[in-house]
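Q: Task: produce atomic coordinates for the following.
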Amino acid sequence: MSLFHVLGFGLKVGHLVWLLCCSLVSLLSNNWVAGDGGVMGTKASFLGDGGKVPLNWLEKFLGNVYKIHQHYYQGSGSKKVGKTWWRKLFFAWIMVWSVISLWVFWGMSSQAADKRKETLVSMCDERARMLQDQFNVSMNHVQAMSILISTFHHGKYPSAIDQATFARYTERTAFERPLTSGVAYAVKVLHSEREEFERQQGWKIKRMDAHVQKPVHKDNYEAEVYELSPVQEEYAPVIFAQDTISHIISLDMLSGKEDRENILRARDSGKGVLTAPFRLLKTNSLGVILTFAVYKKDLLPNATPEDRIKETYGYLGGVFHIESLVEKLLQQLASKQTIVVNVYDITNHSHPISMYGSDVSYDVLEHVSSLNFGDPFRMHEMRCRFKLRAPLPWLAIFTSIGILVIALLIGHIFYATMNRIAKVEDDFYKMMGLKKRAEDADVAKSQFLATVSHEIRTPMNGVLGMLHMLMDTNLDITQQDYVRTAQASGKALVSLMNEVLDQAKIESGKIELEAVQFDVRSILDDVLSLFSGKSQDKVELAAFISDKVPSAIIGDPGRFRQIITNLVGNSIKFTERGHIFVTVHLVEEVMSSVEPEMELSRNSLSGYPVSDRRRSWEKFRTFNQDGSNMRFSSPFSNPISLIVSVEDTGVGIPLEAQARVFTPYMQVRPSISRTHGGTGIGLSISKCLVGLMNGEIGFVSTPKVGSTFTFTAVFGNGCPVSGECKSWQVNRRSVAVDESYGFHGMNALVIDSRPIRAKVTRYHLQRLGICVQVLSDMSHVLSDTSICNMKVNMVLVEWEIWDKDPSSLAILRDRLRNTAESRVPPKLFILANSAGSMRMSSSASDAFGPFVLMKPLRVSMMAASLQRAMGIGNKTSNCNGDSPSVSLRNLLQGRKILIVDDNRVNLRVAEGALKKYGADVVCAGSGKEAISLLKPPHNFDACFMDIQMPDKDGFETTKEIRQMERAYRDSLPLEDLFSDSRDQSSKWHLPILAMTADVIHATHEKCLEKGMNGHVSKPFEAEQLYREVSRFFHSSPDQNE
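A: Here you go, the predicted model:
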């Protein structure tokens, strides 16, 4: 697959290069071809007449390329034309490579045939050369024997050679003449010398030609059957013969036709001559006779034929058995069986005489090698052919087929790749269309949610606003309960709607986080206050924040509160006994510390077993394997990472449902939503928010034991320097609470048998500046007299200890009353839930207690309870201690504010809310009315404007107001333009706050984009309203006094 990917990538790159070339050619063609003057005219004039021909050719070439380019784009634009074009190109590719494969086959076959022919030539020439060389060796030996006969037979008298000597000598030297089968010597005898010669030899000269057609075998040879040689001028009877041909002794060689011609030519030429092939006597096989003339003395080189005839003694002949001799020669070669050899006498070209071989061959390829046996008259040649037919050229076949197959594969890959590219492009365009439709659908969904939100929140704003105004009237207890119930239902509906909108914003990716300073401890106090009335009597709700967590951090407090609220809310739903415990630590602190409450499940807040919370973060990427904190990306310059755990002792999550805990709109069981309520998106939203905070979230849950949810979040450190935040205020609340309530320097004794619970109590008391000492049981307090004598301002006893031994608490009360008169006796407090408080209400108490502190413990609640019991007044300044309502009154007192809304109910609610804080309110029912009222100069300090109005919405109205303000500023003189008067500057740029039930973040951004200064959602909330108004208004000094 990697080859296909690389090839596809290369084709895509080639496609892009082709497009680039086409673009360049298109540009050149537009500049050179389309224009009649300009550059073309300049070039033509510069080159002169000689340059017209190249320019015309270039013009035609660029014009054609431009047409091809246009055709390519037209073809590419049409899917049908593009496919047809690629299909034609694919077929052309196949045809071209088919021709190439045939050419390769022909070339390799020709090369194989040439190589085979070269092999045949080499083998045939080798055999011809060997046969010729061995024949020349035998011929030289025969010629040497002629000299020997001339010397020892004719040169001595009596002769030194007889038949026996000649036969023995020729037999022993036969190896030197490998191609001869016999040697014989015929002497020259004249007719006048015949009788004397026959008398000396003892036999008659016989005739030879009469027996040529009657071959005689050696076994049945009889000399008497030969006829006497007829009378003639000269005879050449054989007198010496090798034993193999001794039967020819006494035969007249001149009586045979072939022998006579052979002898006469040898005598005339003085060289060895050959006869034509003929059947040898007795063997009946083909042979030739090599004949040399034996002369009386050495002749001169220029001797005439007459001189040669005159000086002739006789004739020496060597018989060559051609078939056997050639057969012996071929047997010496290893490749004898490979080729077929034929030897021919071609003296007569029209009728060549076969001397050796047969015509049995299946191959038409033949090679002829010439043979030179020393006789210029006789011509010989060797013809060679392979015995077997040439094999098929498998290499050429497989190579050509392989090339064709590879070409077909490449063509198929190319064709498939281009089809794939075309399909991918089509799919891309389809996906882009689907993406556009999905984006449009997402926008439509967001708009639908915004519209639904506005339509629901608008009447809900009226309902909650009227209920809030109703609460300020004189109502009896039953009526107040009805109003609170209606308010709770309305707020629940708004909360549900906010969750759905948050999920929509998360899905659309339009949710963003703020970066403001806030106090984590105040956030947890608010959460505990929110759920204090919802926790059951048997469920204890508590929170603990490590001292190492800074008092001020930078982040989004609303989203941080939302995450903790979702987690605690889930725990409240599914916990019927035990506790819900929220802890906040630094990540480094948790990973480096090993505390008992984190190790042992039995040592918990309420004593019930809990799940091991460490398993809830064991898969976090924030921590590496060795347990140290890894570096995390953060937009803050001085980041810190917090880890928050929410532990409960509820029913737990079934194992089969744990995988879908964070899935939106999913419940553990369908009956959960009917039993406990909820939409199932709280945890999904929390997970997304944690991700936006560069954190992680996880959980551990054990059925029938409980669950622990843990998440991390990255914030900025608002107190990088120690002590920097002591005077800093968050949401008008002092962080330095230890000095604000008047408890600084006091001592408290906490009696609690559970270390975790005692630690929580000590944490809250230390926040008030109280020094705390913890004891585990009452018996230890009563037995140690020094404890009663030590300076203790208050004693806090856990209700569980009091309930077990009320008598011990009575003894402790008596001892506290009997302390020295010089010292104020300490106050006694009982830490109890709501059930315990009802039981304690009936108990007897006096000025020293016991007093009841209700759980969950919060700083504000504890401070108020302790101040009442201790008789300490609140020393916090009004400025720092004011609630949002008081602060709003300071800001809005005497301000003239215009409210623009098309809904009369919303106008009444907004008017009532702002008048409650002392503002002078004017109402307008449309945008046109608002424009007429805000035409400069005017005396309004701010404007709250609804966005969605029928005739002219809030954006258009704001745009026209800003245009009027700019025109008014342009008409002012310079001295008024630079005036610092607040009344004058407000007329230049009036603060306009969007007032809508649409809380989608895109609307908030659009409000700022259209010229508005802020955004408040309906119904009004005191904190949000204060946060927006405080950016424009400031409390006057007289209001703060």
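Q: ok, residue 582 - how many residues close by?
A: Per other C-beta atoms under 10 Å, the neighbour tally for residue 582 reads 22. For the C-beta atoms, the positions are set from N, CA and C on the backbone; glycine is no exception.
Q: so it is in which element?
A: Element membership of residue 582, judged by DSSP states H and E, is strand 578-586.
Q: Look through the chain and tell me its longest helix.
A: With secondary structure taken from DSSP state H, the chain has its longest helix at helix 394-471.
Q: next helix or strand past that helix?
A: helix 477-508.
Q: Okay, buried residues for that following helix please.
A: Under the neighbour-count criterion of 16 or more other C-beta atoms under 10 Å, helix 477-508 has 483, 487, 490, 494, 497-506, 508 buried.
Q: Pass me the low-pLDDT residue ranges in the stretch 601-750 of the chain, would you?
A: 601-602, 623-634, 665-680, 720-740 (pLDDT under 70).
Q: how about a cut-off of 90?
A: Judged against pLDDT under 90, the low-scoring parts of the stretch 601-750 of the chain cover residues 601-608, 611-639, 653-686, 688, 692, 704, 717-749.
Q: Which stretches in it count as strands?
A: Taking DSSP state E, counting those that start in this stretch as the criterion, the stretch 601-750 of the chain carries its strands at 639-648, 697-702, 706-717, 729-730, 733-734, 747-751.
Q: Give the partner strands of the second one in its sheet and their orientations.
A: Think strand 697-702. In its sheet, strand 697-702 lies beside strand 706-717 (antiparallel), with partners assigned from DSSP bridges.
Q: Return the list of helices and strands in contact with the strand holding residue 582.
A: Packed against strand 578-586, as judged by 3 or more C-beta pairs under 8 Å, 6 or more residues apart in numbering; DSSP states H and E, are the following elements: helix 520-531, strand 539-545, helix 557-574, strand 639-648.
Q: switch to 6 Å and redo it
A: Under the contact definition 3 or more C-beta pairs under 6 Å, 6 or more residues apart in numbering; DSSP states H and E, strand 578-586 sits against strand 539-545, strand 639-648.
Q: which one of those lies closest to residue 917?
A: strand 539-545 (32.0 Å; C-beta to C-beta).
Q: Tell me the helix or strand right after that closest one.
A: Per DSSP H and E, the first helix or strand lying C-terminal to strand 539-545 is strand 553-555.
Q: which strands and helices sit next to that next one?
A: strand 706-717.
Q: quick one: the strand it packs on to chain centroid distance?
A: Going by C-alpha atoms, centre = their mean, to the nearest Å, the spacing between the C-alpha centre of strand 706-717 and its chain's C-alpha centre is 34 Å.
Q: export the strands of the stretch 601-750 of the chain to TSV and tack on mean neighbour count and distance to residue 411?
A: Putting the strands of the stretch 601-750 of the chain into TSV (neighbours: other C-beta atoms under 10 Å; distance: least, C-beta to C-beta, whole Å) gives the following:
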stretch	mean neighbour count	distance to residue 411
strand 639-648	24	59
strand 697-702	21	55
strand 706-717	24	57
strand 729-730	18	74
strand 733-734	20	79
strand 747-751	21	88
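Q: Let me have these in CSV, extended by distance to residue 477.
A: Written out in CSV, the entries for those read as follows (distance: least, C-beta to C-beta, whole Å):
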stretch, distance to residue 477
strand 639-648, 34
strand 697-702, 42
strand 706-717, 38
strand 729-730, 36
strand 733-734, 31
strand 747-751, 36
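Q: Of the ones you listed, which is nearest residue 173?
A: With distances scored as C-beta to C-beta, the stretch of the strands of the stretch 601-750 of the chain nearest to residue 173 is strand 697-702 (114.5 Å).
Q: and of the strands of the stretch 601-750 of the chain, who's closest to residue 266?
A: Comparing the strands of the stretch 601-750 of the chain against residue 266 with C-beta to C-beta, the closest turns out to be strand 697-702 (122.1 Å).
Q: Report the angle between the closest one and strand 639-648.
A: Regarding strand 697-702 and strand 639-648, their directions subtend 20 degrees when assessed with axes from the mean of the first three to the mean of the last three C-alpha atoms, to 10 degrees.
Q: Report the distance from strand 697-702 to the chain centre.
A: 33 Å.
Q: who touches that strand?
A: Strand 697-702 has contacts (C-beta atoms under 6 Å, 6 or more residues apart in numbering) with 611, 615-617, 652-653, 687, 690, 707-711.
Q: mean confidence for the strand holding residue 582?
A: In this model, strand 578-586 has an average pLDDT of 93.
Q: That strand versus strand 539-545: what angle between them?
A: Calculated by the same axes, to 10 degrees, strand 578-586 forms an angle of 10 degrees with strand 539-545.
Q: angle of strand 578-586 against helix 520-531?
A: Between the direction of strand 578-586 and that of helix 520-531, the angle (the same axes, to 10 degrees) works out to 160 degrees.
Q: just checking, what packs against the next helix or strand after strand 578-586?
A: Beyond strand 578-586 on the C-terminal side, the first helix or strand identified by DSSP H and E is helix 587-592. Identification of packing neighbours for helix 587-592 by 3+ C-beta pairs under 6 Å, 6+ apart yields strand 639-648.
Q: gap between the strand it packs on and the chain center?
A: The chain centroid and the centroid of strand 639-648 are separated by 36 Å, computed with C-alpha atoms, centre = their mean.
Q: And for it, what's in contact with it?
A: By C-beta under 6 Å, 6+ apart, the residues outside strand 639-648 that reach it are 567-568, 571, 575, 580-585, 587, 590, 610, 613, 706-715, 717.
Q: How far off centre is stretch 526-545?
A: Relative to the centre of its chain, stretch 526-545 is centred 50 Å away, using C-alpha atoms, centre = their mean.
Q: what comes up buried for it?
A: Within stretch 526-545, the residues that count as buried by 16+ other C-beta under 10 Å are 526-528, 531-532, 535, 539-545.
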